[in-house]
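*Asks:* One predicted model, sequence on top.
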Protein chains: 2
Amino acid sequence: MKFQAPKGTRDFYPEDMAIRNWIEERWRAVSLRNGFVEYDGPVFEYLDLYRVKSGEEIVSQLFHFEDRGGRELAIRPEMTPTLARMVAARAHALPKPIKWFSVPRMCRAERPQRGRLREFFQWNIDVLGEDGEIADAEAIFVLVDFLREVGLSPETAEVKINSRAIVAAILRQAAIPAGRLDAVYAVLDKRDKLSPEAFNESIREIGLDDAQREMLLRMGEAKGRDGLSDIESILRGDEEGLASCRSLRTVLDLLATMGVADYCRYDMGVVRGLAYYTGTVFEAFGKGGLRRAICGGGRYDRLLSDLGGPPMGGVGFATSDVVIQDLLAELNLLPATKEHIDFFVIDADAQLFPIAIDVTAKLRARNVSAVFSYARQGVGKQFRQAAGRKARRVVIIEPGEHAGRTVAVKDMESGVQANVAIEKLLDDPWQPLQPP
Amino acid sequence: MKFQAPKGTRDFYPEDMAIRNWIEERWRAVSLRNGFVEYDGPVFEYLDLYRVKSGEEIVSQLFHFEDRGGRELAIRPEMTPTLARMVAARAHALPKPIKWFSVPRMCRAERPQRGRLREFFQWNIDVLGEDGEIADAEAIFVLVDFLREVGLSPETAEVKINSRAIVAAILRQAAIPAGRLDAVYAVLDKRDKLSPEAFNESIREIGLDDAQREMLLRMGEAKGRDGLSDIESILRGDEEGLASCRSLRTVLDLLATMGVADYCRYDMGVVRGLAYYTGTVFEAFGKGGLRRAICGGGRYDRLLSDLGGPPMGGVGFATSDVVIQDLLAELNLLPATKEHIDFFVIDADAQLFPIAIDVTAKLRARNVSAVFSYARQGVGKQFRQAAGRKARRVVIIEPGEHAGRTVAVKDMESGVQANVAIEKLLDDPWQPLQPP
């Protein structure tokens, strides 16, 4: 009768939890310093919310169930439907721009594989209610700010940026019907994961001919400012398409002004698979062995109205703790996670134990972490316990006339030990220690 | 096609999220300063984990579903089974005592009512691998430390403490068969929620007579040190029962040494409903209109072995954000939640906007929060935006020969404004401002 964590999920023992907390703290710190405020929704939603956004085929990818009243519910697989629902409900009352972030727990009923688990944590950044390129640039800046925060340099990570509007203009020029665009986006998004044969087969399935396929492949090679110029040459005469190119140039210029041009690059190969993107799309890639995007996002201008809300656009991205942790582990950028304790209080004699717990309780009231040994045992053993907890300082309650008034305090890093009046220790637990 | 949050769940808009984060931060800070380390498990577990612990009747209270392989899963309704499973898997490798905390998201398929929702957040504190009273006292101390942390005094909150072993001794003396103890605990736990008639009916249903019922009612009145003495008189000659009383006195003495006696009181009326408690049991009550426990816990000595693990005992408690928030709101102890932003950067002229975003980006790199207006508009309107975000300081990029080298910085609280070189601002964003 041994139980294990369900397939595709993780147990977070303290050393694992410290890593997860470290990643989440970086997400929160970056969000807050960029002026985003945190929100969250329920871990499950009505199943129809996902059906409306993604169609019936999404259902098999969700953990879904019924409540007692027979209402169909599903554990959230992504945050955007919840975000759209919440913003739509207060669209007129919320001051614009709406700059929100969230660090939700998510589940997907998919087959577990490297970088994809059945349960994971996401970081979601969204700017809503601002149509200008400044919102797109700010969202991408926040992403780069996080890459920098965790030690990823332009040598180890990059953000590839494109525009659905430009892709649509090219596809128009290749005479691909508007009704097939979503299918083309989905195939292009999977291109790197497909063999050339499977890619060709997918292209035929959505009804494109060989010339159109070649054009798609060639188009995907355009990269950098020069690549964007090439695309503009192809689009000569298509004013709408050229306007989309100018808009993307504005985004890239703003990112340069923000000082993050070295992380950012135009890349016509990035289209994103989700149907709801309408403008800028982008993905972050780590230059490690894990050959997939570690983060994706883009502009969505019809999502709120599709879910019954007002016609308000937005731009945002999401990333998961699983891919971030995999990449940082590979690049040796994860921190050491053994947590320090501030004070370990030792009694040199079992009779002094009440003084030890009294001093411990008072140290805690000073908001420093403090523990004592549960077992009454020798000072040496208690010191070993203190070292095991990585205590910064050890307090020793010694017998004699001063017991209860003065204690010995030892700094575990410097080795310096000094006698300190308990009152003074509590006044300033981190006071410098003078060797006697 | 308007969607809402599912029944019994909550949307956390930023002002709600700030409250939830404030409560969770208090939980984390108290846990850490008492030397506990954080863990977590998956949000769903195999349904059998709950069946084994609580029987088939638990299933109707859970949100449960199947994965593609037909495995039965359930969203966790409590943390203890996950904790027991995780500790059992590494029981021999983990250093003792195991002092762990968690702040998990939980769901229960119950009828929503005040203080009880279908989704909530819990704080779990557990000490495992230590049989002595010191572990029971430490767990209760942590609970009181939290009550103090959020401003609850002995006048507004108290912890009622009892021992299942003492209750069992009394029930033995009243000739209540050992096989009925769990049923008696469940009825006693619900006593305050039942009418006298319903209570009597429940007592008859589990096969007790009128004399036994009277004894149970009288027993429940014993409170405080004197109450414990009365119980000891009743138990005279029952050495096992008297030993349990002495053990509970030791717990109360330790709490007094720790300086929290004023929050703690022996109360024979507290028995807790869960079958797995074996020793000390306790509940915290807020003295507000919400007449129910805000926290409950106790010692469990057979839980790990029941779940297939080694015979390791533990003591712990759990509380939820819902009851804590309700009580603190009633006592007006919740904080103001509108978050400040550190810097709002204003351009006095649209042409200076690139400088504004450059300065903003560089302030963020100094790890202070900084934002700018997305709209190019007058200084007055930008100042109003800054006030709306509760900016602590405003930076104004002014035209002229110094643009890009010197900015005006205004402290929004004091009203002091001074010119500062951008380089110096970035060196020390919080430097004192000298009026010109």
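*Replies:* Yep, that arrived. Residues are numbered from 1 along each chain as shown, chains lettered A, B, ... in the order given.
*Asks:* For whichever residue of the stretch 251-400 of chain A sits closest to chain B, which non-adjacent residue is spatially closest?
*Replies:* As assessed by Cβ to the nearest Cβ, chain B sits closest to residue A:371 within the stretch 251-400 of chain A, at 3.5 Å. Where C-beta positions appear, they are placed from N, C-alpha and C, glycine not excepted. Closest residue to residue A:371 apart from its sequence neighbours, by Cβ to Cβ, 6 or more residues apart in numbering or on different chains: residue B:35 at 3.5 Å.
*Asks:* what's the burial count for the one you found?
*Replies:* When neighbours are counted by other Cβ atoms under 10 Å in any protein chain shown, residue B:35 registers 24.
*Asks:* Identify the residues contacting it.
*Replies:* Listed by Cβ atoms under 8 Å, 6 or more residues apart in numbering or on different chains, the contact set of residue B:35 reads A:341, A:369, A:370, A:371, A:389, B:99.
*Asks:* One more: residue A:15?
*Replies:* A:337, A:338.
*Asks:* What of residue A:250?
*Replies:* residue A:133.
*Asks:* What of residue A:219?
*Replies:* By Cβ under 8 Å, 6+ apart, residue A:219 lies in contact with A:167, A:170, A:231, A:268.
*Asks:* So the second one sits against residue A:230, correct?
*Replies:* No. Counting by Cβ atoms under 8 Å, residue A:170 sits too far from residue A:230 to count as a contact (10.9 Å).
*Asks:* Walking through the stretch 1-150 of chain A, point out its strands one by one.
*Replies:* For the stretch 1-150 of chain A, strands defined by DSSP state E, counting those that start in this stretch occupy the ranges A:37-38, A:44-46, A:64-66, A:72-75, A:98-102, A:105-107, A:119-128.
*Asks:* coming back round to it: more neighbours: which of residue A:170 and residue A:230?
*Replies:* Per other Cβ under 10 Å, whichever of residue A:170 and residue A:230 has more neighbours is residue A:170, with 21 against 16.
*Asks:* Looks to me like the more buried one is in a helix.
*Replies:* Yes. Assessed with DSSP: H, G, I helix; E, B strand; the rest coil, residue A:170 lies in a helix.
*Asks:* and the gap between it and residue B:197?
*Replies:* Distance, residue A:170 to residue B:197, using Cβ to Cβ, to the nearest Å: 78 Å.
*Asks:* how about the residues of the stretch 151-300 of chain A near chain B?
*Replies:* Neighbours of chain B within the stretch 151-300 of chain A, by Cβ under 8 Å from any Cβ of the partner chain: A:254, A:257, A:258, A:259, A:260.
*Asks:* Can you go through the residues you listed and name the buried ones?
*Replies:* Buried members of those, scored by 16 or more other Cβ atoms under 10 Å in any protein chain shown, are A:254, A:257, A:258, A:260.
*Asks:* Disregarding flanking residues, what is the spatial nearest neighbour of the first one?
*Replies:* Once flanking residues are discounted, residue A:254 sits nearest to residue A:137: 3.6 Å by Cβ to Cβ, 6+ apart.
*Asks:* neighbours of that neighbour, just the number please.
*Replies:* Other residues lying near residue A:137 total 26 when counted by other Cβ under 10 Å.
*Asks:* Can you name the residues that contact it?
*Replies:* A:251, A:254, A:255, A:258.
*Asks:* now swap in residue A:112 and tell me
*Replies:* Counted by Cβ under 8 Å, 6+ apart, residue A:112 has contacts A:7, A:8, A:118.
*Asks:* from memory residue A:213 sits against residue A:203, does it?
*Replies:* Yes. Contact between residue A:213 and residue A:203 holds when scored by Cβ under 8 Å: they sit 4.6 Å apart.
*Asks:* Looking at the two, which one has more neighbours?
*Replies:* More neighbours surround residue A:203 than the other of residue A:213 and residue A:203, with 23 against 17 (other Cβ under 10 Å).
*Asks:* most surrounded residue in the contacts of residue A:112?
*Replies:* residue A:118 (22 neighbours).
*Asks:* which stretches of chain A have low pLDDT?
*Replies:* Low-confidence segments of chain A, defined by pLDDT under 70: A:1, A:290-291.
*Asks:* who's in contact with the residue nearest the centre of it?
*Replies:* By Cα atoms, centre = their mean, chain A has its centre lying nearest to residue A:123, at 3.3 Å. Taking Cβ under 8 Å, 6+ apart as the contact definition, residue A:123 lies against A:24, A:27, A:31, A:101, A:102, A:103, A:146, A:318, A:319, A:320.
*Asks:* Not counting residues beside it along the chain, what's closest to the fifth one?
*Replies:* With Cβ to Cβ, 6+ apart as the measure, residue A:124 is the residue that lies nearest to residue A:102, at 4.6 Å, once sequence neighbours are left out.
*Asks:* cool, the last one as well?
*Replies:* Leaving out its chain neighbours, the residue that sits closest to residue A:320 by Cβ to Cβ, 6+ apart is residue A:120, at 4.6 Å.
*Asks:* Correct me if wrong: that neighbour contacts residue A:103.
*Replies:* No. Residue A:120 lies out of contact with residue A:103 (Cβ under 8 Å); the separation is 11.3 Å.
*Asks:* Let's test this: what are the backbone torsions at the closest residue to residue A:272 other than its chain neighbours?
*Replies:* Closest residue in space to residue A:272, ignoring its immediate chain neighbours: residue A:281 at 4.4 Å, by Cβ to Cβ, 6+ apart. Here is the backbone geometry of residue A:281 (degrees, to the nearest 10): phi -130, psi 150.
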